[in-house]
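S.K.: need a 3D model of the following:
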Amino acid sequence: MEIDFDLIIELQRLDTEIHNASLVLEGIPRLVQDVDKRIQATTKLVADAKDKMSQNQKKRRDLENEVKDLKVQTGKYKRQLNEVKTNKEYTALLHEIEESQRRIDTLEEAIIAEMLAADDVEEEIKAALHRQGQEEEVLKKEKIVLDEKLKETEARFAALNKEREALLPRIPREQIGLYEAIFQKKGGTALSPVTGDFCAMCHMRVRPQMLNEIRDRAKVILCEACGRILYWTAKPEPVKPGPEAAE
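M.R.: Below you'll find the model as predicted:
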């Protein structure tokens with residue numbers, strides 16, 4: 001089968017670039033989602049700190065209301081001291097007054113503790129807001145970069161596919177069929193350059209009698225080891241070793 005290697009090599013180049021562009025297009029939404037999660041995380045830090053402050057304030061109000069109620073009740077007990085008839089009732093009221101005062105003292109200490117805790121929470125809120133401002137600015141810039149990369153890659157992807165569509169009619173159908181069968185079977189790499197006397201993809205030696213045919217570039221020669229289409233190149237080409245190389 002005679003073949004125009006320049007066209008097939010160009011087809012492989014386009015398909016490789018199209019594949020790489022598709023990977024970028026698939027990956028960008030996940031990267032954007034990751035940025036959004038990081039933005040949400042900084043927002044949550046602020047929300048959690050503010051919620052902590054709200055809980056602190058509620059607890060203080062509850063404590064203050066309880067102190068207020070106890071002071072009202074203590075006042076009633078004190079007024080009743082003048083109305084009791086027996087020492088037993090008088091002693092019982094004194095006990096209630098003392099218990100209420102002890103409870104008030106305990107609650108007021110708790111209120112002071114909550115006030116001190118509120119100072120720490122206030123600092124936590126300030127730190128969270130500062131971090132949010134810094135990180136959101138960086139993360140929003142990251143989103144802008146990703147958006148620009150998405151548009152650029154979409155344009156590149158469309159241009160590459162247009163080039164491919166224009167190239168295909170110039171290649172015989174049977175050669176495209178062979179190329180695509182190997183392309184699918186070999187993970188997206190149907191061709192392998194030969195430098196020296198080795199297949200660059202699987203690193204297997206090419207038989208001497210095949211080398212002249214490969215140099216002539218007149219017909220399709222498949223690597224006897226990995227099954228890819230071999231072509232001659234004077235300079236070594238950077239390629240990713242195929243799975244056969246590890247075997």
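S.K.: give me the element Asn65 is part of.
M.R.: Here Asn65 sits within helix 5-80, counting by DSSP states H and E.
S.K.: revised request: answer the last question for Pro193.
M.R.: Going by DSSP H and E, Pro193 is in strand 191-195.
S.K.: now that strand: buried residues?
M.R.: Of all the residues in strand 191-195, those buried under the rule 16 or more other Cβ atoms under 10 Å are 191-194. All C-beta spots, glycine's among them, are computed from the backbone N, C-alpha and C.
S.K.: and for stretch 151-171?
M.R.: So, applying 16+ other Cβ under 10 Å, buried residues of stretch 151-171: 153, 156-157, 160, 163-164, 167, 171.
S.K.: and stretch 217-231, by the same measure?
M.R.: Buried residues in stretch 217-231 (16+ other Cβ under 10 Å): 217, 220-221, 223, 225-231.
S.K.: give me the subset of these lying in strands.
M.R.: 229-231 (DSSP state E).
S.K.: any idea of the angle the helix or strand bottoming out on mean pLDDT in the chain forms with helix 5-80?
M.R.: The helix or strand of the chain with the poorest confidence is helix 208-216; it has a mean of 88 (mean pLDDT, DSSP states H and E). Angle, helix 208-216 to helix 5-80, by axes from the mean of the first three to the mean of the last three Cα atoms, to 10 degrees: 90 degrees.
S.K.: what distance do you get for the spatially most central residue of the chain to Val46?
M.R.: Residue closest to the average C-alpha location in the chain (Cα atoms, centre = their mean): Asp34, at 3.2 Å. Between Asp34 and Val46 the computed distance is 20 Å (Cβ to Cβ, to the nearest Å).
S.K.: Glu163 now?
M.R.: Between Glu163 and Val46 the computed distance is 49 Å (Cβ to Cβ).
S.K.: wouldn't Arg207 be in contact with Glu224 here?
M.R.: Yes: Arg207 is in contact with Glu224 according to Cβ atoms under 8 Å; the separation is 7.3 Å.
S.K.: so after the longest helix seen in the chain, what's the next helix or strand?
M.R.: As assigned by DSSP state H, the longest helix anywhere in the chain is helix 87-167. Note on helix 87-167: by DSSP H and E, the next helix or strand toward the C-terminus is helix 173-185.
S.K.: list the contacts of Leu146.
M.R.: Neighbouring residues of Leu146 by Cβ atoms under 8 Å, 6 or more residues apart in numbering: 28, 31-32, 35.
S.K.: which of the residues you listed ranks first by neighbour count?
M.R.: Highest neighbour count within those: Val35, with 18 neighbours (other Cβ atoms under 10 Å).
S.K.: measure that one to Glu26 for me?
M.R.: For Val35 relative to Glu26 (Cβ to Cβ), the value is 16 Å.
S.K.: please apply the same query to Leu81.
M.R.: Distance, Leu81 to Glu26, using Cβ to Cβ: 83 Å.
S.K.: between those two, which is the more surrounded one?
M.R.: Leu81 (12 against 9).
S.K.: how about that one: what's its closest non-neighbour residue?
M.R.: In this structure, Leu81 finds its nearest non-sequential neighbour in Leu93, 5.6 Å apart by Cβ to Cβ, 6 or more residues apart in numbering.
S.K.: same check on Cys223?
M.R.: Closest to Cys223 by Cβ to Cβ, 6+ apart is Cys199, at 4.6 Å.
S.K.: perfect, I'm done here.
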